[in-house]
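Asks: dropping the sequence and predicted coords here.
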Amino acid sequence: MTHVVAEPCFDCKYTDCVVVCPVDCFYQSELLLYIHPDECIDCEACVPECPVEAIFHEGNLPEQWKEYTTLNAEMVTQSSNIAEKQNPLNGEQCVGKKK
């Protein structure tokens, strides 16, 4: 089992979570973060750091976002690793937009 970044991260891409990850298992594309399923050690350090509550344990992932388990696993192979905080996108489609 692993943790999964789901839809609430889309177009937000807050990186508070990547800074606390002890194994640097976060990857990024232009609009979303992903967790590498083979690198994640299930420490849950990232979960409380996500301001849009987009990180779930695979077993607790809401049904409407189940496809994000596969998406995370596939996209880490096409994305770049991220280990440092960056400016968030906070884009127009970010449902958890910070003011």
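Replies: Arrived safely.

Asks: which helix runs longest in this protein?
Replies: Using DSSP state H to define each element, the chain has its longest helix at helix 67-75.

Asks: what helices and strands are in contact with the very next helix or strand once past that helix?
Replies: Following helix 67-75 in sequence order, the next helix or strand is strand 80-81 (DSSP states H and E). Applying 3 or more CB pairs under 8 Å, 6 or more residues apart in numbering; DSSP states H and E, one finds that strand 80-81 contacts strand 26-28. Using the backbone N, CA and C atoms, a C-beta is placed for each residue, glycine as well.

Asks: contact partners of the next helix or strand after the strand it packs on?
Replies: Downstream of strand 26-28, the first helix or strand assigned by DSSP H and E is strand 33-35. Contacts of strand 33-35 with the rest of the structure, by CB atoms under 8 Å, 6 or more residues apart in numbering, involve 2-5, 9, 13, 15, 17-18, 25-28, 46, 54-55, 71-72, 75-76, 79, 82.

Asks: for strand 33-35, what is the average pLDDT?
Replies: The average pLDDT within strand 33-35 is 98.

Asks: what lines up beside it in the sheet?
Replies: strand 26-28 (antiparallel) (DSSP bridges).

Asks: tell me which residues of stretch 73-87 are tucked away?
Replies: Residues 73, 75-76, 79, 82 are the ones in stretch 73-87 that count as buried (16 or more other CB atoms under 10 Å).

Asks: stretch 48-59 now?
Replies: Buried residues in stretch 48-59, counted by 16+ other CB under 10 Å: 50-52, 54-56, 58.

Asks: ok, stretch 21-34 next?
Replies: Buried, per 16+ other CB under 10 Å, within stretch 21-34: 21, 25-28, 32-34.

Asks: let's have the residues you listed in a markdown table, adding distance to Gln86.
Replies: Shown next, in a markdown table, are those (distance: CB to CB, whole Å):
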| residue | distance to Gln86 |
| --- | --- |
| Cys21 | 14 |
| Cys25 | 16 |
| Phe26 | 11 |
| Tyr27 | 13 |
| Gln28 | 8 |
| Leu32 | 13 |
| Leu33 | 10 |
| Tyr34 | 15 |
